[in-house]
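>>> Okay, sequence plus prediction incoming.
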Amino acid sequence: PPILGDTPAGDGDEVGAGRTELHEGAARLRRPRRCAPAHGPRPRGVPLIERNDRVSYAKGLVKRALEFAPNNGAYLDSYAWALYQEGDYRGSLDTLRRALEQIKSDPTVFDHIGDTFNKLNQPDSARVYWERALELDSANAAIQLKLDQ
């Protein structure tokens, strides 16, 4: 299955901006399904990871996307969150730090780092990252709840 996009690009003659070549010898091109300006198209595994559904499979899809865009902070965050869900908190933290280097003002990355530190029994470090996440997204009740506990 393709990693990125879901709209056929046509006969392949219009290769150019906004197009993403698919993996494993795919003959056709597709347009990105969703595109955040700073982060690029969203790998198909991300919704599965967000739902904690078929995480191992989804992690493979995101890993494949990272082969095309190894410094994409959103992809790194999604891959790290899959590691977190599998219980690899050290691996998750290392990958989240790489994500943070790419997208320095994303509250989700700060929240994920806080969650990971919390799993590593480092509540003071977790609090620092949750507080920063809340600074960036002051309406996030879930983060506020973590800080209130």
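Everything's here; your move. Numbering: from 1, shown residues only.
>>> Now stretch 126-145: buried residues?
Residues of stretch 126-145 classed as buried by neighbour count (16 or more other C-beta atoms under 10 Å): 126, 129, 130, 132, 133, 134, 136, 137, 140, 143. Where you see a C-beta, it was placed from the backbone N, CA and C, and this is true even at glycine.
>>> Can I get these in CSV including distance to residue 58 and secondary structure?
Formatted as CSV, these follow (distance: C-beta to C-beta, whole Å; DSSP: H, G, I helix; E, B strand; the rest coil):
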residue, distance to residue 58, secondary structure
126, 25, helix
129, 24, helix
130, 25, helix
132, 27, helix
133, 23, helix
134, 28, helix
136, 26, helix
137, 24, coil
140, 24, coil
143, 24, helix
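>>> wait, which of those is closest to residue 85?
residue 126 (17.1 Å; C-beta to C-beta).
>>> that older thread, now render the buried residues of stretch 126-145 as CSV, adding pLDDT and distance to residue 85.
What follows is the buried residues of stretch 126-145, written out as CSV (pLDDT from 0 to 100; distance: C-beta to C-beta, whole Å):
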residue, pLDDT, distance to residue 85
126, 96, 17
129, 96, 18
130, 96, 19
132, 97, 22
133, 96, 19
134, 95, 23
136, 96, 23
137, 94, 21
140, 91, 20
143, 93, 19
